[in-house]
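**Q** build the 3D model from these lines:
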Amino acid sequence: MTATRFSLRFPPGGIHFVAVRIIKEAFLRDAAARHPQAAASLGRWRKAVRNAAWRNITDVRATYPDADPVRVASGNTVYVFNICGKDFRLLCAIHFYRQRLFALRFLSHAEYSKDKWKSEL
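**A** All right, here's what the predicted structure looks like:
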């Protein structure tokens, strides 16, 4: 029996990261419509994310210093962003290698503080 060799081939110059793609942008537009006071902040956040090429939490914090990774009940990591000061929290899953961000929840500070979302995600 012979061993199979695997090799990874990368393009010349290494791996190139492209801008982050937001999945569920309609969810964010709906959140902005439900909470008009957060609409401008959400718009700025969306623009910043679309122009980002995040590879890890350090890159995220270069753009959003208050962003926090939180381990939830499923064992996955959710990234929490403060929106509109600290009035709202946007919970996202980020797949750094694929440059995909999934918007999961948009919560008021009071809803966020109850921690119910940690067991739901």
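
**Q** buried ones in stretch 66-86?
**A** Across stretch 66-86, burial judged by 16 or more other Cβ atoms under 10 Å covers 67, 72, 78-84. For glycine as for every other residue, the C-beta is placed from the backbone atoms N, C-alpha and C.

**Q** so who does the nearest residue to residue 41 once chain neighbours are set aside touch?
**A** Closest residue to residue 41 apart from its sequence neighbours, by Cβ to Cβ, 6 or more residues apart in numbering: residue 84 at 4.2 Å. Residue 84 is in contact with 35, 37-38, 41-42, counting by Cβ atoms under 8 Å, 6 or more residues apart in numbering.

**Q** quick one: pLDDT of residue 84?
**A** pLDDT, residue 84: 94.

**Q** next, work out how far apart it and residue 35 are.
**A** Residue 84 is 8 Å from residue 35, where distance means Cβ to Cβ, to the nearest Å.

**Q** likewise residue 64?
**A** For residue 64, the distance to residue 35 equals 19 Å [Cβ to Cβ].

**Q** these two: which has the busier surroundings?
**A** Higher neighbour count among residue 64 and residue 35: residue 64, with 20 against 17, using other Cβ atoms under 10 Å.

**Q** with adjacent residues omitted, what lies nearest to that one?
**A** If the residues on either side of it in the chain are set aside, residue 64 comes closest to residue 81, at 5.8 Å by Cβ to Cβ, 6+ apart.

**Q** what's near enough to touch the nearest residue to residue 49 once chain neighbours are set aside?
**A** Leaving out its chain neighbours, the residue that sits closest to residue 49 by Cβ to Cβ, 6+ apart is residue 20, at 5.2 Å. Counting by Cβ under 8 Å, 6+ apart, residue 20 makes contact with 49-50, 52-54, 94, 99-101.

**Q** also residue 50?
**A** Residues counted as contacts of residue 50 (Cβ under 8 Å, 6+ apart) are 19-22.
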